[in-house]
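Q: Build the 3D model from these lines:
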Amino acid sequence: QVKFQALQVLNLRSISQSICSDVLMAAVAERINMAIFNAAPVGSAVRLAGRCELRELQQWILQTVDGGSLPIQTATTALEIPANEMVEIMGTKGPQGELCATSVSKLPGEIDGDLWNQAIQLAHHSKLRHLFQPKSA
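A: Presented below is the predicted three-dimensional model:
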């Protein structure tokens with residue numbers, strides 16, 4: 001009975017750490033496009049939007065809103081990636097330039113990829129960037 005309770009506690013701790021990690025990633029991951037992703041350092045927390053397709057050898061590819069093509073790596077098979085639907089993928093930039101996905105969010109309705117990309121470009125424009133940053137306390 002004690003071993004079972006200890007396993008339950010460890011399992012709950014693991015689940016809560018995973019949830020906290022996802023929440024923290026969402027708080028710090030920046031929305032970017034492929035051009036900005038290419039310039040980002042390895043390990044950067046990122047969010048990219050686009051449509052996913054499954055290619056040969058079971059490799060998922062994200063077609064980004066700015067026309068890029070990015071391989072997706074997942075740490076778990078439990079991560080569901082919908083094919084040919086607009087999604088936002090959160091993760092980190094991997095060592096070979098791949099997107100190491102931690103979560104996938106299906107975007108509702110029809111999303112204008114060009115408009116999404118223009119919003120990303122505005123948010124990263126040097127003269128406008130301060131308008132998109134959180135205010136310091």
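Q: Please name the bridge partners of the most centrally placed residue in the chain.
A: Geometric centre of the chain, nearest residue: residue 90, 1.2 Å, by C-alpha atoms, centre = their mean. With DSSP bridges as the criterion, residue 90 is bridged to residue 47, residue 103.
Q: I'd assumed residue 49 was in contact with it.
A: No. The criterion here is C-beta atoms under 8 Å, and residue 90 misses it with residue 49 at 10.4 Å. C-beta here means a position set from N, CA and C on the backbone, and glycine is covered the same way.
Q: Checking residue 117 next. Helix, strand or coil?
A: helix (DSSP: H, G, I helix; E, B strand; the rest coil).
Q: what about residue 53, how many residues close to it?
A: Neighbours of residue 53 under the rule other C-beta atoms under 10 Å: 14.
Q: If you could redo that for residue 129, that was the one I meant.
A: Residue 129: 11 surrounding residues under other C-beta under 10 Å.
Q: Nearest residue to it in space, please, no chain neighbours.
A: Closest residue to residue 129 apart from its sequence neighbours, by C-beta to C-beta, 6 or more residues apart in numbering: residue 123 at 6.9 Å.
Q: ok so, going back, which pLDDT value belongs to the residue nearest to the centre of the chain?
A: Looking at residue 90, its pLDDT stands at 94.
Q: For this structure, which segments are assigned as strands?
A: Under the criterion DSSP state E, the chain contains strands at 30-31, 45-55, 59-64, 69-74, 86-93, 99-106.
Q: Tell me the spacing between residue 115 and residue 122.
A: To residue 122, residue 115 is 11 Å away according to C-beta to C-beta, to the nearest Å.
Q: how about low-confidence regions in this protein?
A: Scanning the chain for pLDDT under 70 picks out 1-27, 136-137.
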